[in-house]
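Trainee: Need the 3D shape of this:
(chains A, B, C and D)
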There are 2 protein chains.
Amino acid sequence: MRSKEGGTTTSKQDKRVGKIRRSEQTRRRILDAAALWLNKKGLAETSLQDLADEVGLQTASLYYHFPSKDALIEEVLHKGIEIVYEDVRRALDALEPSASYRERVRVAIAAHLSSLLEHGDYTSANIRNFPLVPENLREKNLSIRRQYGDYWRQLLQDAQKAGEVAPNVDLSLVRLFLVGAMNWSTEWFNPRKKSIDAIADMICSMIFDGIGPKEQRPSDGGQKRVTRR
Amino acid sequence: MRSKEGGTTTSKQDKRVGKIRRSEQTRRRILDAAALWLNKKGLAETSLQDLADEVGLQTASLYYHFPSKDALIEEVLHKGIEIVYEDVRRALDALEPSASYRERVRVAIAAHLSSLLEHGDYTSANIRNFPLVPENLREKNLSIRRQYGDYWRQLLQDAQKAGEVAPNVDLSLVRLFLVGAMNWSTEWFNPRKKSIDAIADMICSMIFDGIGPKEQRPSDGGQKRVTRR
DNA sequence: ATTAACCTATCAATCATTCAGTAGAATGAT
DNA sequence: ATCATTCTACTGAATGATTGATAGGTTAAT
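Mentor: Below is the predicted model of the structure:
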């Protein structure tokens, strides 16, 4: 997020050290407004006029901060996955190394859902708009999307290697299926009905144990088997 | 599909009995073109100009067949779910009454996927555009969507009553999860990689048996338990 | 001769974008 | 401390292109 461009703490003749550049603020406000509108109305019904109104500017002023509408949208979309990716990775990194893979998957699901449904509009704006956004806007998104996909792939592979996923299971289908189901949650999620953690729990046991009737299964308490080698 | 309006076989002064009205054909072609564009480009980038070009008409001519763009889009969207709903119901009705619920679910999944990925653009146009389409276009869709949801709800409830789904499973989450995952398949499905039937099979056993390692599970052959009372 | 099916021409509205300007803050020179 | 200059952040007006939509005319089949 604070990576590119020297930005606030530039070296040469930037006297306002601790202060944030004024334009940085409105730039951010424009992006926020765009994420909001993209998420609520979709790209089809998000005009620069709408964004300018939301921020309290003239449409022409947006061009001081962004070279084009496409560039603006692109940045919102990029932030979208970047945020999910970071959230999920951070959540997994925070786990103890002894955590089972089942627990890891559960945490990853919860983090993805939380990022999608609670943390602002960027993530959901991305997920909801990406499928039908013009190709030229998608291009810059593809690389980081692939990275995120690989991250999940790796997680599931490790789980399988550790014996926590049956060896005959097609991981790529599991991944697509799981991510798809999570992404679709923007369409039905209602925070007053069920918490994200509860949903993540249920999805996890559904994925691992299935919904079929259990036969004997000696009720070993479940997740604390710590199968690492 | 053939419900409203007397249509082709009207009573009074309609001489061409077996023949299809000329306008019916082009009307259909317009709808087809709309479904195609909606699916490929999305509503944002589907203009009446595009549709007219695709069909070989002038944009003004579209207004002979439809009162407005909204009405045209609405009809495409409506046909969308209508088709899935019918496909799934037909597939289930074709099963022998002795079929297990697991088999029923498998067939329902296959039918939904097939309708979504193989049978023309209407279904996928609906699924992909609905989330971000303006509200006034969604209204007429909601009723039939709810019906289709109820249909799945009923199927899963029956399965649970019959003992083929564990009693403690939250069916509404299963349904939302399953439908979401299926609907997302438009984003990744590749017919050359895996057939729809194969995918349906895998999803089904994933949902019922889970991906976790199997313990003893006496390999009873599976689906032929016929639990109908 | 009537009607069904489509066309030409045109409409106002909205779209993203450009450009010339400007108020006010920051800067530098005195 | 004062004044002139430069730069930042924005405005106002206008651009051409495209949008959905309307009105009136034309053709072809019955």
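
Trainee: going forward, measure contacts between C-alpha atoms and count neighbours the same way
Mentor: Fine.

Trainee: For the closest residue to A:R138 other than its chain neighbours, give me the pLDDT.
Mentor: Nearest residue to A:R138 in three dimensions, chain neighbours excluded: A:F130, at 7.0 Å (Cα to Cα, 6 or more residues apart in numbering or on different chains). Here, the pLDDT recorded for A:F130 equals 94.

Trainee: List the buried residues in the longest helix seen in chain A.
Mentor: In chain A, assigned by DSSP state H, the helix with the most residues is helix A:135-161. Of the residues in helix A:135-161, those buried by neighbour count under the rule 16 or more other Cα atoms under 10 Å in any protein chain shown are A:137-138, A:141, A:148-149, A:152-153, A:155-157, A:159-160.

Trainee: Show me what that helix is packed against.
Mentor: helix A:69-93, helix A:101-117, helix A:171-183 (3 or more Cα pairs under 8 Å, 6 or more residues apart in numbering or on different chains; DSSP states H and E).

Trainee: now it and helix A:69-93, what's the angle there?
Mentor: For helix A:135-161 against helix A:69-93, the angle by axes from the mean of the first three to the mean of the last three Cα atoms, to 10 degrees is 10 degrees.

Trainee: Distance from helix A:135-161 to the middle of the chain?
Mentor: 12 Å (Cα atoms, centre = their mean, to the nearest Å).

Trainee: Just checking it against DNA strand C, any contact.
Mentor: No - Helix A:135-161 stays clear of DNA strand C (Cα under 7 Å from any atom of the strand), getting no nearer than 11.8 Å.

Trainee: average pLDDT across that helix?
Mentor: Averaging pLDDT along helix A:135-161 gives 96.

Trainee: A:C204 is in contact with A:R106, isn't it?
Mentor: Yes - counting by Cα atoms under 8 Å, A:C204 does reach A:R106; the two are 5.6 Å apart.

Trainee: who's in contact with A:V105?
Mentor: A:V105 sits next to A:155-156, A:204 when contact means Cα atoms under 8 Å, 6 or more residues apart in numbering or on different chains.

Trainee: In space, what's closest to the residue nearest the centre of chain A - neighbours in sequence excluded?
Mentor: Compute the mean C-alpha point of chain A, and by Cα atoms, centre = their mean the closest residue is A:V84, 2.3 Å away. In this structure, A:V84 finds its nearest non-sequential neighbour in A:S115, 5.5 Å apart by Cα to Cα, 6+ apart.

Trainee: burial of the one you found, as a residue count?
Mentor: The local packing of A:S115 (other Cα atoms under 10 Å in any protein chain shown) involves 23 other residues.

Trainee: swap in A:I199?
Mentor: Neighbour count of A:I199, defined by other Cα under 10 Å: 16.

Trainee: what's the answer for A:D170, then?
Mentor: A count of nearby residues for A:D170, using other Cα under 10 Å, gives 13.
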